[in-house]
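Visitor: Please find the sequence and the predicted model below.
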There are 2 protein chains.
Amino acid sequence: MWQQWLGELEQGNVKALARSISLVENSAEGYEKMLEALPYNATARVIGITGPPGAGKSTLVDALIGQFIAHGKKVAVLCVDPSSPFNLGAVLGDRIRMSNWYTHPNVYIRSLATRGSMGGLNPRIIEITELVKAAGYDYVIVETVGVGQSEIEIAGLADTTVVVMVPEGGDEIQTMKAGLMEIADIFVVNKSDRPEADAFVKNLRLMLAPAFHSHREVPIVKTIGSTTSGIDELYNAIEQHSEETGHSLRKSWLITERVFQLVQQHRMNNIDKEGMFNAIRSSLNDKVNFNLYRFAKNYF
Amino acid sequence: MWQQWLGELEQGNVKALARSISLVENSAEGYEKMLEALPYNATARVIGITGPPGAGKSTLVDALIGQFIAHGKKVAVLCVDPSSPFNLGAVLGDRIRMSNWYTHPNVYIRSLATRGSMGGLNPRIIEITELVKAAGYDYVIVETVGVGQSEIEIAGLADTTVVVMVPEGGDEIQTMKAGLMEIADIFVVNKSDRPEADAFVKNLRLMLAPAFHSHREVPIVKTIGSTTSGIDELYNAIEQHSEETGHSLRKSWLITERVFQLVQQHRMNNIDKEGMFNAIRSSLNDKVNFNLYRFAKNYF
């Protein structure tokens, strides 16, 4: 089954892609073989969009899709933000608001479950991103909420990480999570028609000053999501960053951690833990000489 | 080296025991072979003493040692309570207060580091307890502070779990951690010369009422640690519980978890994670086709 889907997926068949993602999400029969058979499409760029809830990430993604389409690009959106209207977990009204892209032939949108904890990425996000890349999209946008550990993961997964914020009082920016500052390749100050926007951008630039010593300056793009103002500038910033940079150290670490996890799962999956428990229980009950290390050694 | 220590340890040599515990604590060369060679001495009983900080556990343990000695028993104390004067982490004055037992030929006292988190047991506590058992002690007292996850561990490790409390206002007992209620084979109400002691015991008995339906009633022993009042009664309660019961379900689970952990460590210990990282990093840098599952499979 997956062999056929893989063929169709590489032709850009959206149904085959959707089925393949479900196969992988559900660990269904053949998913490991499919992932093994997957080609690595180096041309697709992964754009991470993150930021606090309420920053207008989804409206921005919506506008960005339009920009990519206008440039003749194919774009996929993976949404692991539970508060996003792209996500199936959101209220119906919000989802309808975004629906104009759902049927566009050059757009694929998929919402993914989080690991349970708010802000955590889907445990199979690396694999699912590879599936989408194989389907021939030019850009894969991964939308996450910038809370908890997801920042580090998104920065590992994405080739370009965009951190979206809204102008707040001058003190707010000081308490902004240091994690978000660190991972941004591009800053977006959304809702920049607010009166405090200019002061906010100025403060942000000041905070980023130490980063001036690094090899590149982090661009700050002012947008107004509702009017798509600034979206072309954001598009250009993404394009420019894509040309400048290769793969990050974080990406290597993220993949190493995932490989290690996979190997661990595989090496331990033939242990019948219940049988182990029963053997230990009856040894103890029968007062048989029980030796922890001698027992464990049988499984080494 | 350990072969010699093991022989001496089984003869009751305290220096060999101390060295062997350090060997295991530090994962020094040969520690796994030593643990494998260890006999299982079914005659030693493990007594867990736990309770909130300030309940007077150490004074009680001190008095209990005296009681065991008076009955001609050999007793070892493993202290994983960072607030205990038995523990090397405590202030010097406290330790000197306990020192009359340190030199007694039938007493062995050892403080162990916790896992870092307050209340956590030493990760090798099962193995260290087995070492002490092999040295021919009649009783192994494990003193822990009853906070966090340690309750479940101590209840798995100990053959008899003693929960120590002090009389508090009537409301205090209601907020007592349910975990401590569940694991107690024997309750001790220490400092029972306080005026609120009788009301406290009455409330405690009321709370334990549902347990009356189980096969045995949980005894409540009133002690005054500073005068050793009630210590003979506690000794008898421990003796009686030891005769009544076998190994608990919790013990089987605790050992199963530990075996599983050991197997996992062993099966993963030949992975050079840094080498793995370097291979991934150079693949990504060289834009070599990288496939997560194909790569992971090399380590399966």
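Guide: That came in fine, so what should we check first?

Visitor: now the strands for chain A?
Guide: Secondary structure of chain A (DSSP state E): strands at A:45-50, A:75-79, A:107-111, A:139-143, A:160-165, A:186-189, A:220-222.

Visitor: which one of those strands lies closest to residue A:2?
Guide: Nearest to residue A:2, of all the strands of chain A, is strand A:107-111, at 17.5 Å by CB to CB. In this view, the C-beta of every residue, glycine as well, is placed from N, C-alpha and C.

Visitor: Contacts for that closest one next, please.
Guide: With contacts defined as CB atoms under 8 Å, 6 or more residues apart in numbering or on different chains, strand A:107-111 is touched by A:14, A:17-18, A:21, A:65, A:69, A:74-80, A:84, A:86-89, A:98, A:101-102, A:128, A:132, A:135, A:137.

Visitor: Show me what the residue lying closest to residue A:102 once chain neighbours are set aside is bridged to.
Guide: Closest residue to residue A:102 apart from its sequence neighbours, by CB to CB, 6 or more residues apart in numbering or on different chains: residue A:109 at 5.9 Å. Counting by DSSP bridges, residue A:109 is bridged to residue A:77.

Visitor: and residue A:109, how many residues sit next to it?
Guide: Residue A:109 has 20 neighbours, counted by other CB atoms under 10 Å in any protein chain shown.

Visitor: Give me every residue in the stretch 1-150 of chain A that's in contact range of chain B.
Guide: By CB under 8 Å from any CB of the partner chain, the residues of the stretch 1-150 of chain A that approach chain B are A:32, A:35-36, A:38-40, A:42, A:126-127, A:130.

Visitor: and the stretch 201-300 of chain A, which of its residues are near chain B?
Guide: A:246-247, A:249, A:251-253, A:255-256, A:258-260, A:262-264, A:266-268, A:271, A:273, A:276-277, A:280-281, A:284-285, A:287, A:289-297, A:299-300.

Visitor: Counting neighbours, which of the residues you listed end up buried?
Guide: A:247, A:251-253, A:255-256, A:258-260, A:262-263, A:267, A:276-277, A:280-281, A:284, A:290-293, A:295-297, A:299 (16 or more other CB atoms under 10 Å in any protein chain shown).

Visitor: mind showing which ranges of the stretch 201-300 of chain A have poor pLDDT?
Guide: Within the stretch 201-300 of chain A, the ranges that satisfy pLDDT under 70 run A:210-215, A:245-247.

Visitor: Show me the helices in it, by range?
Guide: Remark: helices assigned in the stretch 201-300 of chain A by DSSP state H, counting those that start in this stretch are A:231-244, A:249-268, A:273-285, A:292-297.

Visitor: and the third one, what other elements does it pack with?
Guide: In other words, helix A:273-285. Where contact means 3 or more CB pairs under 8 Å, 6 or more residues apart in numbering or on different chains; DSSP states H and E, helix A:273-285 is packed against helix A:292-297, helix B:249-268.

Visitor: Out of those helices, flag the one nearest residue A:180.
Guide: That would be helix B:249-268 among those, by CB to CB, at 33.1 Å.

Visitor: on contacts alone, who are the packing partners of the closest one?
Guide: helix A:249-268, helix A:273-285, helix A:292-297, helix B:125-134, helix B:150-157.

Visitor: Could I get those helices in CSV, plus columns for distance to residue A:189?
Guide: As requested, the helices and strands packed on helix B:249-268 are exported to CSV (distance: least, CB to CB, whole Å):
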stretch, distance to residue A:189
helix A:249-268, 24
helix A:273-285, 51
helix A:292-297, 56
helix B:125-134, 53
helix B:150-157, 48
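
Visitor: nearest to residue B:227, of the ones you listed?
Guide: Of all the helices and strands packed on helix B:249-268, it is helix B:150-157 that lies closest to residue B:227, at 26.8 Å by CB to CB.

Visitor: can the closest one be found next to chain A?
Guide: No: judged by CB under 8 Å from any CB, helix B:150-157 makes no contact with chain A; its nearest approach is 11.1 Å.
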